[in-house]
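Participant: From the sequence below, what's the structure:
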Amino acid sequence: MGALTHESLVEYLLEEAYEVAETIETGADEAELQGELGDVLLQVVLHARLAEERGTFDFGDVARGITAKMIRRNPHVFRPDGSLQDTFPATVEEIVLKWDAVKKAERPERANHYEGIPEALPALARAQKTLDRAARAGLPPLVEPAESQEPPQDQPLVELVETFDAEDQLGELLLAVVGAARSKGFDAERALRAAVRRYQNRVPPGS
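Facilitator: Reported below is the predicted structural model:
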């Protein structure tokens, strides 16, 4: 394993994670999902093995660490000893509030609501994650309920983009689209992945 490094494995970890997402989103059977999850687990094992060779941590440390984090961050589910609580919050909102409170207690030095959102996330996914954080922090919504930043109904979106003179305008429109999608409960990144797959199926290579 001498030729492998954490850095050289990053692209494979991302690729395997996206393959799991594709397997789920395209409705593949459970056997295929099992195989893809195994590929992701292999990446975790490889990273842990590299760290073990350096004497920093091993796979057992990874497993113990995530177990402790799940217990710590979900006091509404687990007691400190890891056993289940007798009762659970009635709503998802309560669960999110408790989760956020624990995370804030863990990292009190974080003043920026958006700290911890990976820079490497695809732009649509990062936009949606940013808007999620903003909403949970009580910041003003991107699109007010009484207002709409959607283009006029008589001007198709493509025609609107053709009037733009700069990419900044396109960026603002895409952010508004993500915000509107989020308010409807849609995942913009997943929706775009599905649209790309539909396009690929309509327009096969070489046509």
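
Participant: mind pulling up the phi and psi values for Phe78?
Facilitator: Taking degrees, to the nearest 10, you get phi -120, psi 150 for the backbone angles of Phe78.

Participant: need the contact list for it.
Facilitator: By C-beta atoms under 8 Å, 6 or more residues apart in numbering, the residues touching Phe78 are 70-71, 84-85. Just so you know, the C-beta spots here come from the backbone N, C-alpha and C atoms, and that holds for glycine as well.

Participant: I only care about those residues that end up buried; give me the ChimeraX line for that.
Facilitator: Buried residues within these, as defined by 16 or more other C-beta atoms under 10 Å, are selected in ChimeraX through the command that follows:
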select :71
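
Participant: ok, for Arg126, nearest residue in space, not its chain neighbours?
Facilitator: Leaving aside its sequence neighbours, Arg126 sits nearest to Ile117 (C-beta to C-beta, 6 or more residues apart in numbering; 6.2 Å).

Participant: What of Leu42?
Facilitator: Sequence neighbours aside, Glu16 is the residue nearest to Leu42 in space, at 7.8 Å (criterion: C-beta to C-beta, 6+ apart).

Participant: now Arg190: how far from Glu25?
Facilitator: Separation of Arg190 from Glu25 (C-beta to C-beta, to the nearest Å): 7 Å.

Participant: Those two - which one has more neighbours?
Facilitator: Set side by side, Arg190 and Glu25 give different neighbour counts by other C-beta atoms under 10 Å, the larger being at Arg190 (16 against 12).

Participant: and that one, what helix or strand is that in?
Facilitator: Element membership for Arg190, per DSSP states H and E: helix 188-202.

Participant: Packing partners of that helix?
Facilitator: The elements that helix 188-202 packs onto, with contact taken as 3 or more C-beta pairs under 8 Å, 6 or more residues apart in numbering; DSSP states H and E, are helix 6-25, helix 123-136, helix 167-183.
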